[in-house]
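Undergrad: Test case, fold it:
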Amino acid sequence: MTVTTTSSAIDADDADKRDAERNIFSEARGDEQRRVNNDPRPRQGKQNQQPRRDKRDVHGWVVLDKPIGMTSTHAVAVLKRLFSAKRAGHAGTLDPLASGGLPIALGEATKTVPFVMDGRKRYRFTVSWGEERDTDDTEGRAVKTSEIRPTADSIRELLPRFTGVIEQIPPQYSAIKVQGERAYDLARDGETVELKPRPVEIHELILVEHGDNGQSVFEAECGKGTYVRALARDMGRILGCFGHICALRRTLVGPFTEADMIPLEQLEALCNRAASGEGSLADALLPVETALDDIPALAVTRADAARLHRGQAVLLRGRDAPNTSGTVYVTVAGRLLALAEIGNGELIPKRVFNLNGLTASPARNNGSV
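TA: Presented below is the predicted three-dimensional model:
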């Protein structure tokens, strides 16, 4: 599931941009004033500027337990800085309002991002009844209200209608493009965006708690493209009481569970210990192939590995040749080598991995951390 950035994320990005522009303007004005006064002193910013750290090759996954209030883009930037990594990306946006699992791929792990994004996601979320908001969460303004509050029984009776393959209209504040523009940009400009319904799959939707405070807690497991905010909106409309998300936590993303998540504070502490020689950031990494848990593995000889590494196909012969077809991930001497396709008796490399640099520690590879 892709949970898109709400208006708060846009406002935060705009604020960062405005702060940067103010800093640039302030420095330029100070330089101009010093030129007028024939002041030979260098800019203060140059004196305090820290040396830029060299980027390095880091390969693996970090499943950040993203805190509320942080955008997914900012989270990636923070981890990229902590690891001094050359490349980084995330596997599925989390709203600033949401917390929980944000898988961040470093280095060669970025080649496996689609496999995580296509996996199931699980959420625990709270719906506040009585108000529908334009963003479908607490960040927006109320557009519909009701004094009606649903009973636990009426909610449970409704849930089968939201289980299985259903048609869902994405939120107005979503990253879907409409004639080349993001829907949330159009919505912020006051335009009404007509988004078409699309099929999504809800594997499970259960009512966990229902209190007297006008709120209900749910858990949902769903496929790619599902908007949990839209679930709250649509349930509220059918129940006649309206509703919006007031809390959201992602507990599962593909192969990654809550047990894999690392809070930002813990990650920063590990970084500080590593800088003083008391540990290694490799302890925070999960192997690149963790994202490929649902794909068959195929071990090859060193001679075949050399051919695959050069982008050449390998003939599959003999009694040990696999009798399947499709995507596999290839290993040599227990080390990830490539993603490949089996077809017509050949093993054809599609993505080759170069894992030179910092990778997951042996303990993480063995699943003991």
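Undergrad: Give me the buried positions along stretch 168-181.
TA: For stretch 168-181, the neighbour count (16 or more other CB atoms under 10 Å) marks 168, 170-176, 178 as buried. All C-beta atoms are positioned from the backbone trio N, CA, C, and that covers glycine.
Undergrad: Do you have the helices of the stretch 1-150 of the chain handy? List them.
TA: 7-36, 44-48, 72-83, 113-117 (DSSP state H, counting those that start in this stretch).
Undergrad: weakest of the ones you listed in terms of mean pLDDT?
TA: Mean pLDDT is lowest for helix 7-36 among the helices of the stretch 1-150 of the chain, at a mean of 35.
Undergrad: For residue 70, which non-adjacent residue is spatially closest?
TA: In space, and not counting its chain neighbours, residue 70 is closest to residue 96: 6.4 Å by CB to CB, 6 or more residues apart in numbering.
Undergrad: next one: residue 210
TA: Nearest residue to residue 210, sequence neighbours excluded (CB to CB, 6+ apart): residue 152, at 4.1 Å.
Undergrad: neighbours around the one you found, how many?
TA: 12 (other CB atoms under 10 Å).
Undergrad: For it, give me its contacts.
TA: Contacts for residue 152 (CB atoms under 8 Å, 6 or more residues apart in numbering) come out as 207, 210, 216.
Undergrad: about what we covered before: ok, the buried residues of stretch 168-181 vs residue 102, which is closest?
TA: Using CB to CB, the shortest approach to residue 102 within the buried residues of stretch 168-181 belongs to residue 175, at 15.8 Å.
Undergrad: The closest one against residue 93, yeah?
TA: Yes - assessed by CB atoms under 8 Å, residue 175 is found in contact with residue 93 at 7.4 Å.
Undergrad: picking that back up, could you export the contacts of residue 152 as TSV, including secondary structure, distance to residue 57 and pLDDT?
TA: Formatted as TSV, the contacts of residue 152 follow (DSSP: H, G, I helix; E, B strand; the rest coil; distance: CB to CB, whole Å; pLDDT from 0 to 100):
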residue	secondary structure	distance to residue 57	pLDDT
207	strand	47	98
210	strand	50	95
216	strand	47	97
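Undergrad: Please indicate which of those has the highest neighbour count?
TA: Greatest neighbour count in the contacts of residue 152, by other CB under 10 Å, goes to residue 216: 22 neighbours.
Undergrad: residues touching the residue nearest to residue 170 when sequence neighbours are not counted, list them.
TA: Closest residue to residue 170 apart from its sequence neighbours, by CB to CB, 6+ apart: residue 195 at 5.0 Å. Residues in contact with residue 195 (CB under 8 Å, 6+ apart) are 169-170, 172, 174, 176, 178, 183.
Undergrad: could those be laid out in a markdown table, adding secondary structure, pLDDT and distance to residue 337?
TA: Listed next are the contacts of residue 195 as a markdown table, based on DSSP: H, G, I helix; E, B strand; the rest coil; pLDDT from 0 to 100; distance: CB to CB, whole Å:
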| residue | secondary structure | pLDDT | distance to residue 337 |
| --- | --- | --- | --- |
| 169 | coil | 90 | 44 |
| 170 | coil | 89 | 39 |
| 172 | coil | 81 | 45 |
| 174 | coil | 73 | 38 |
| 176 | coil | 77 | 37 |
| 178 | strand | 75 | 42 |
| 183 | helix | 77 | 41 |
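Undergrad: Same list (the residues you listed) but as CSV, adding distance to residue 286.
TA: What follows is the contacts of residue 195, written out as CSV (distance: CB to CB, whole Å):
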residue, distance to residue 286
169, 36
170, 31
172, 36
174, 30
176, 31
178, 37
183, 33
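Undergrad: Out of the residues you listed, which comes closest to residue 268?
TA: residue 174 (31.7 Å).
Undergrad: May I ask you to confirm that that closest one is in contact with residue 186?
TA: No - with contact defined as CB under 8 Å, residue 174 does not reach residue 186; the gap is 10.5 Å.
Undergrad: Now for the contacts of residue 195: which two are most distant?
TA: 169 and 178 (12.9 Å).
Undergrad: Relative to residue 261, which of the contacts of residue 195 is nearest.
TA: residue 174 (25.2 Å).
Undergrad: With adjacent residues omitted, what lies nearest to residue 293?
TA: Counting by CB to CB, 6+ apart, the residue nearest residue 293 is residue 255, at 4.3 Å.
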